[in-house]
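[1] Compute the structure for the input listed below.
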Amino acid sequence: MQKMNKVKAKNRLFVKVYFNYAVMLTVFAVLIGIIFMKLYETNTMNDYKDKLEKQAKSISRRLQQAIINDEEESYLEYLVILGELDDEEPDVWTISNPNAVKPMDKSLENVVMDNIDLPEDAREVIGGVFLQNQPMSRNGYYEQFGGVSVIVGEPIRVNGEVVGAVMLVSQIEGQNRIIKDSMSLIILSILVALFISFIIAIVFAKGLSNPISKMRITALELANGKYQSKTDINRQDEIGDLARSIDILADELAENEIERQNRDQMRIDFFANVSHELRTPITVIRAYTETLVDGVVTDPEKIAQYYDRMLKECKGMERLVGDLLLLSKMQNPDFIIEKEPVNVVQIFDNLIRSISAISSEKNITVEMNRDRTCYMMMGDYDRLRQMFLIILDNAIKFTPENSSIHINLSIQDKLRVSIRDEGIGIPEDDLKSIFNKFYKSKLKQNEKGSGLGLAIARQIAIKHDGVIEVYSEVGVGTEFVFYFQCLEDYVGRLDI
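    Numbers count the residues shown, from 1 in each chain. Prediction:
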């Protein structure tokens, strides 16, 4: 059990949950960060390129109007002002189309293609604008322009003809700086988010692992026999359901342990009581037998008395063993009584005739009160007769002479059977014990009893789904009341 308690740190649930969560979160954050930074860089460059294209169109329209309205000087002044605005503003190049019918005036051209060293992409942009009559752009590293740059070309149209082109060239160092600053902010945000997420992961992992560890400890304590251990976890999720299941198991184990202890004690008491009950008759039989074998008694009449006493003791042991077997059979959960419709009135008519001999000896009157001739129930006739006979026999035994025993039959939701005597009564302290095996009062009337009768009667009542109650007052009498389901209830169930 101690080895089961030792778990390596790397194998603990908290470490596994936290590690897997952290790895998953880190991979997710890195992937999202890379994708987001790539999208941001692309969108920034596209936005900047769109901005240059708009500037190129604006300059192209301005130059177009200048050409149409012969306002070349105003346009040149516009270019001077545009160049003085910001060092980061793009370089504006205007190129005349030599292939046009009426090319742009050379005074408006600030670049002579043949006199400068232009990158191939720049020549493709200008050539494409001239030939395709539509904007074009390129970007890349160009040593002639001092580094990574964007080239945007826009046609200058006059009367539907491309007379020239506007080319904007801009280094993207400023955009790269903006992108780098933004990337730094994104990376910092990711790191802060990861840090917070790792703290949340610790709380989450502990919230998951701590209850499981507690349930594990509780399970080990239950395995060691500490059935009072509880998880004391109150959660409304699957872990809470598992914890409640363990607590229910603990309660069941505690109840089973108590029941086992009770059964062990009952078994000990049973063997002690059986030994006690058998010791006396065996001792008597042995004493008489030794006396007869040794020839101590020679008087035939005395010998006959000894034999008669030995026979009575044997019959008593036979009755005790029979009662024990019957009680054991009744207490077996697998023992099923074969039931059939039984008229309780018929049972008591038979019993009254059977006990008339012993009741007449004490001049005891047995009266039966009923308001109908038939009270039907499902049961075993012989077992029910035996159960009621035990109660009537005790009533006669403990009832003084010239008294009465009252049997009342009625239906009050259930079949009610009452057997009331006018005997000596049962003390209140003894009422809770009268159905225990081998319980016997110390009264003279019960010296020959086995202490199993009422226990057998109670088991027969239980096998018939019945309830038995006892009411007694010392010096007044005792009443045993039985409740059974009448036959109408069984028929009603079958109809359902």
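
[2] can you pull the contacts of residue 375?
    343-345, 409, 411, 415, 486 (CB atoms under 8 Å, 6 or more residues apart in numbering). No exception for glycine: its C-beta is placed from N, CA and C like everyone else's.

[3] can you count the residues close to the residue lying closest to it once chain neighbours are set aside?
    Nearest residue to residue 375 in three dimensions, chain neighbours excluded: residue 344, at 4.4 Å (CB to CB, 6 or more residues apart in numbering). The number of residues packed near residue 344 is 23, by other CB atoms under 10 Å.

[4] Ok, the one 3 residues further on next?
    Residue 347 has 21 neighbours, counted by other CB under 10 Å.

[5] Who wins on neighbours among the contacts of residue 375?
    Comparing these by number of neighbours (other CB under 10 Å), residue 344 comes first, having 23 neighbours.

[6] so how far is residue 481 from it?
    Using CB to CB, to the nearest Å, residue 344 is found at 14 Å from residue 481.

[7] Give the residues shared as contacts by these two.
    Counting by CB under 8 Å, 6+ apart, the shared contacts of residue 344 and residue 481 are residue 417.

[8] Just say helix, strand or coil for residue 408.
    Here residue 408 is recorded as strand under DSSP: H, G, I helix; E, B strand; the rest coil.

[9] Do I have it right that it meets residue 371?
    No: Residue 408 sits out of contact with residue 371 when judged by CB atoms under 8 Å, with a separation of 9.9 Å.

[10] more crowded one of the two?
    Between residue 408 and residue 371, counted using other CB under 10 Å, the more crowded position is residue 408 (16 against 9).

[11] Please tell me the pLDDT value assigned to that one.
    Per-residue pLDDT puts residue 408 at 94.

[12] and it, bridged to which residues?
    On the basis of DSSP bridges, residue 408 is bridged to residue 369, residue 418.

[13] OK, contacts around it?
    If you count contacts by CB under 8 Å, 6+ apart, residue 408 has them with 368-370, 416-418, 420.

[14] Highest neighbour count among those?
    When neighbours are counted by other CB under 10 Å, residue 417 leads these with 26 neighbours.

[15] Isn't it up against residue 479?
    No: counting by CB under 8 Å, residue 417 does not reach residue 479; the two are 10.9 Å apart.

[16] can I get the contacts of residue 408 in JSON lines with distance to residue 110 and pLDDT?
    Below are the contacts of residue 408 laid out as JSON lines (distance: CB to CB, whole Å; pLDDT from 0 to 100):
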{"residue": "368", "distance to residue 110": "136", "pLDDT": "92"}
{"residue": "369", "distance to residue 110": "134", "pLDDT": "92"}
{"residue": "370", "distance to residue 110": "132", "pLDDT": "89"}
{"residue": "416", "distance to residue 110": "123", "pLDDT": "92"}
{"residue": "417", "distance to residue 110": "126", "pLDDT": "93"}
{"residue": "418", "distance to residue 110": "128", "pLDDT": "93"}
{"residue": "420", "distance to residue 110": "132", "pLDDT": "92"}
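
[17] Which secondary structure state does residue 433 sit in?
    Per three-state DSSP, the local secondary structure of residue 433 is coil.

[18] Quick check, pLDDT for it.
    79.

[19] all helices of this protein, in order?
    Remark: helices assigned in the chain by DSSP state H are 2-5, 13-68, 72-85, 120-132, 173-223, 238-293, 300-331, 344-354, 356-361, 381-398, 428-431, 453-463, 487-495.

[20] Point out the other helices and strands that the second one packs with.
    The one in question is helix 13-68. The contact analysis (3 or more CB pairs under 8 Å, 6 or more residues apart in numbering; DSSP states H and E) places helix 13-68 against helix 72-85, strand 136-142, strand 147-158, strand 161-171, helix 173-223.

[21] Now do the buried residues in the second one.
    It refers to strand 136-142. 136-139, 142 (16 or more other CB atoms under 10 Å).

[22] Could you export stretch 221-234 as PDB, CA atoms only?
    Extracted in PDB, the C-alpha atoms of stretch 221-234 (Å, rounded to 0.1, in the frame of the first residue of the first chain):
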ATOM      1  CA  GLU A 221      -8.200   4.800   3.400                       C
ATOM      2  CA  LEU A 222     -11.300   2.900   2.500                       C
ATOM      3  CA  ALA A 223      -9.100   0.000   1.400                       C
ATOM      4  CA  ASN A 224      -7.400   0.100   4.800                       C
ATOM      5  CA  GLY A 225     -10.700  -0.200   6.500                       C
ATOM      6  CA  LYS A 226     -11.300   3.500   7.400                       C
ATOM      7  CA  TYR A 227     -14.900   3.500   6.300                       C
ATOM      8  CA  GLN A 228     -15.600   6.900   7.900                       C
ATOM      9  CA  SER A 229     -13.400   8.700   5.400                       C
ATOM     10  CA  LYS A 230     -15.100  11.100   3.000                       C
ATOM     11  CA  THR A 231     -13.900  13.200   0.000                       C
ATOM     12  CA  ASP A 232     -16.000  16.300   1.100                       C
ATOM     13  CA  ILE A 233     -15.900  17.400  -2.500                       C
ATOM     14  CA  ASN A 234     -18.800  19.500  -3.700                       C
END
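
[23] what comes into contact with it?
    Counting by CB under 8 Å, 6+ apart, 1, 211, 214-215, 218, 239-240, 243-244, 246-247, 249-250, 253-254, 257 sit against stretch 221-234.

[24] buried subset of those residues?
    Buried members of those, scored by 16+ other CB under 10 Å, are 211, 214-215, 218, 239, 243, 246-247, 250, 253.

[25] With pLDDT and distance to residue 38 as new columns, can these be given to me in JSON lines?
    Formatted as JSON lines, the buried ones among the contacts of stretch 221-234 follow (pLDDT from 0 to 100; distance: CB to CB, whole Å):
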{"residue": "211", "pLDDT": "80", "distance to residue 38": "42"}
{"residue": "214", "pLDDT": "82", "distance to residue 38": "47"}
{"residue": "215", "pLDDT": "82", "distance to residue 38": "47"}
{"residue": "218", "pLDDT": "84", "distance to residue 38": "52"}
{"residue": "239", "pLDDT": "77", "distance to residue 38": "41"}
{"residue": "243", "pLDDT": "81", "distance to residue 38": "47"}
{"residue": "246", "pLDDT": "83", "distance to residue 38": "51"}
{"residue": "247", "pLDDT": "84", "distance to residue 38": "54"}
{"residue": "250", "pLDDT": "84", "distance to residue 38": "57"}
{"residue": "253", "pLDDT": "85", "distance to residue 38": "61"}
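
[26] Kindly reformat these as JSON lines containing distance to residue 39.
    Putting the buried ones among the contacts of stretch 221-234 into JSON lines (distance: CB to CB, whole Å) gives the following:
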{"residue": "211", "distance to residue 39": "42"}
{"residue": "214", "distance to residue 39": "46"}
{"residue": "215", "distance to residue 39": "46"}
{"residue": "218", "distance to residue 39": "52"}
{"residue": "239", "distance to residue 39": "40"}
{"residue": "243", "distance to residue 39": "46"}
{"residue": "246", "distance to residue 39": "50"}
{"residue": "247", "distance to residue 39": "53"}
{"residue": "250", "distance to residue 39": "57"}
{"residue": "253", "distance to residue 39": "60"}
